[in-house]
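**Student:** test case, fold it:
(2 chains)
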2 protein chains.
Amino acid sequence: MKIFNKVVIFGTGLIGGSLGLALKRKHLITQIIGFSKHKENAIKALKIGAIDYIGSSLDTTQDADLIILATPVDTIIDIMFKISPKLKKDCIVIDVGSTKENIVKELNKLTPNFVGCHPLAGSEKKGIKNAQTDIFNNSICIITSSARTKRNALKKIELLWQKLGAKTIMMHPKQHDQILSFTSHLPHIVAFSLMGAIPDKFLNVSSGGLKDTTRIAASDVLLWSQIFLSNRNNLLVAVTAFQTKLAALKLALKKKDSKHLIKILSKAKEKRERLG
Amino acid sequence: MKIFNKVVIFGTGLIGGSLGLALKRKHLITQIIGFSKHKENAIKALKIGAIDYIGSSLDTTQDADLIILATPVDTIIDIMFKISPKLKKDCIVIDVGSTKENIVKELNKLTPNFVGCHPLAGSEKKGIKNAQTDIFNNSICIITSSARTKRNALKKIELLWQKLGAKTIMMHPKQHDQILSFTSHLPHIVAFSLMGAIPDKFLNVSSGGLKDTTRIAASDVLLWSQIFLSNRNNLLVAVTAFQTKLAALKLALKKKDSKHLIKILSKAKEKRERLG
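**Tutor:** Sure thing, here's the model as predicted:
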């Protein structure tokens, strides 16, 4: 079942490329045209079948039914400003950025058919070379909307993600950014800081614990610095909450207060087990 | 090739049980007798073939060729005090505890045939039910010794771990505890604190990043509180180093200093990539 005919995607990286592959494999769209800042990425996307054509002019967006903005968060608004005057009135636009409040606010001014999406399917690996058809399968996709968002667009996009195997969660953009500052952005801050703290000369004596705890410190630096800055206020609150917990654990250790130490660790373990 | 005849193991949990399985599977020992604080664990160890007999009296250590102390760090010294008067003069004793300085100091007073070992093969999972024959394969085992340790015992134990597939690294116990405070104990402190900081109501909106970063926060609480306290001084230094890195990252974020932020993230990412 086709949900959209002509799709134009901006950004053929890990998420954009995987989305192209999945939409085509599941026959949810008729054709997909891809734009990339780096020509070689677009060529690679074409080669693996993530897109049908490489976009040559922005005029190609004029008769698009769906625009997917899959570029780093800092560029999403700029691209939309450029293309929005050309779009059909009923063209639906989505993004897949990791922060939502500002993007939804700005893009909903341009069209009521914009639906902010955040598929929780990324990885520390990036680029079209890591794109895979099934990365959205059994994942969560957060769908955000404002009072201006058209119900019809919302329903169609919800269906699209569900067809890709994702469980959709509806959320206000503000709420999205607050929750993700704790469950995604803070873990990245912590992993980068932990890796920064390990002396170079100790790196050869590590086990699986350190590797897992810091896996996401291998994530793309530019992408993540933009995410951190675009969710700065929430993230500062989350970092402070973490610092408070760490300080309490450190104090129990300093005071050799084994009872309190065990209490803190038990609470964390219990919560971790609920995470699954 | 048998390296030891009669082996007695104290603690038939994840590491002790796996060690029993591996030693038997590789035919490195003739027989192994197991003691456990919890009778049901010893029975399970016997059932899966990790031990040949359940120990009934400490007298069985009298003609042992190798004693393995695989109990939590707080109990290792106590057990050795109890059994050391009974041991043969040339009986070799090893432990597999996560901290070494104090244990090596105390146990080398009792016998020059004690060799402190730390196989980096644990996991957040514990107990005999998670024991596996091959967990030491391609792992690192740190072997520590003091000036008192007999060369012969050291060589035999090094060979034993190598036969189990581990790469052995020789290290002074003091150096071991300093390095591991950063590469193992600090990541655990960080993971427990991170899990503690995530509000309960946000737990259902998480992705692989949070799960990996906090995997080890599901580790055994009693075991890890003992490890933290037994390596307290080094660990306090490591936690402070981490706090300094985190504070610098937070400040760059607060000041919207994207250049400095990128510099910090890049250094961490480069180091993480070297970790492999």
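
**Student:** okay, now A:Gly55: neighbour count?
**Tutor:** If you count neighbours by other C-beta atoms under 10 Å in any protein chain shown, A:Gly55 ends up with 18. C-beta coordinates here come from the backbone N, C-alpha and C atoms, glycine included.

**Student:** try A:His38
**Tutor:** Burial measure for A:His38: 12 neighbouring residues, criterion other C-beta under 10 Å.

**Student:** the one 10 residues further on now?
**Tutor:** The burial metric for A:Ile48, expressed as a neighbour count using other C-beta under 10 Å, is 16.

**Student:** could you pull out the strands for chain A?
**Tutor:** Assigned by DSSP state E, the strands in chain A fall at A:4-10, A:29-35, A:53-54, A:66-69, A:92-95, A:114-119, A:140-144, A:167-171.

**Student:** how about the residues of the stretch 51-200 of chain A by chain B?
**Tutor:** Neighbours of chain B within the stretch 51-200 of chain A, by C-beta under 8 Å from any C-beta of the partner chain: A:120-123, A:139-140, A:142, A:169, A:179-180, A:182-184, A:186-200.

**Student:** can you select the buried ones from the residues you listed in PyMOL?
**Tutor:** In PyMOL, a selection of the buried entries from these looks like this (16 or more other C-beta atoms under 10 Å in any protein chain shown):
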select buried, chain A and resi 120+121+122+123+139+140+142+169+179+180+182+183+184+186+187+188+189+190+191+192+193+194+195+196+197+198
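
**Student:** what residues are up against the nearest residue to A:Asp177 once chain neighbours are set aside?
**Tutor:** Nearest non-adjacent residue to A:Asp177, counting by C-beta to C-beta, 6 or more residues apart in numbering or on different chains: A:Glu101, 4.7 Å away. Neighbouring residues of A:Glu101 by C-beta atoms under 8 Å, 6 or more residues apart in numbering or on different chains: A:Pro173, A:Lys174, A:His176, A:Asp177, A:Asn231.

**Student:** can I get those residues in CSV with distance to A:Leu210 and pLDDT?
**Tutor:** Below are the contacts of A:Glu101 laid out as CSV (distance: C-beta to C-beta, whole Å; pLDDT from 0 to 100):
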residue, distance to A:Leu210, pLDDT
A:Pro173, 35, 96
A:Lys174, 35, 96
A:His176, 31, 97
A:Asp177, 30, 97
A:Asn231, 27, 97
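
**Student:** and which of those residues is nearest A:Ala50?
**Tutor:** Closest approach between these and A:Ala50, by C-beta to C-beta: A:His176, at 26.5 Å.

**Student:** any idea how many residues pack against the closest residue to the closest one other than its chain neighbours?
**Tutor:** Of all residues not flanking A:His176 in the chain, A:Lys100 sits nearest, at 4.5 Å (C-beta to C-beta, 6+ apart). By the criterion of other C-beta under 10 Å, A:Lys100 has 28 neighbours.

**Student:** please give me every residue in contact with A:Lys100.
**Tutor:** Going by C-beta under 8 Å, 6+ apart, A:Lys100 touches A:Gly116, A:His118, A:Ile142, A:Thr144, A:Pro173, A:His176, A:Asp177.

**Student:** how about a cut-off of 6 Å?
**Tutor:** A:Gly116, A:Thr144, A:Pro173, A:His176, A:Asp177 (C-beta atoms under 6 Å, 6 or more residues apart in numbering or on different chains).
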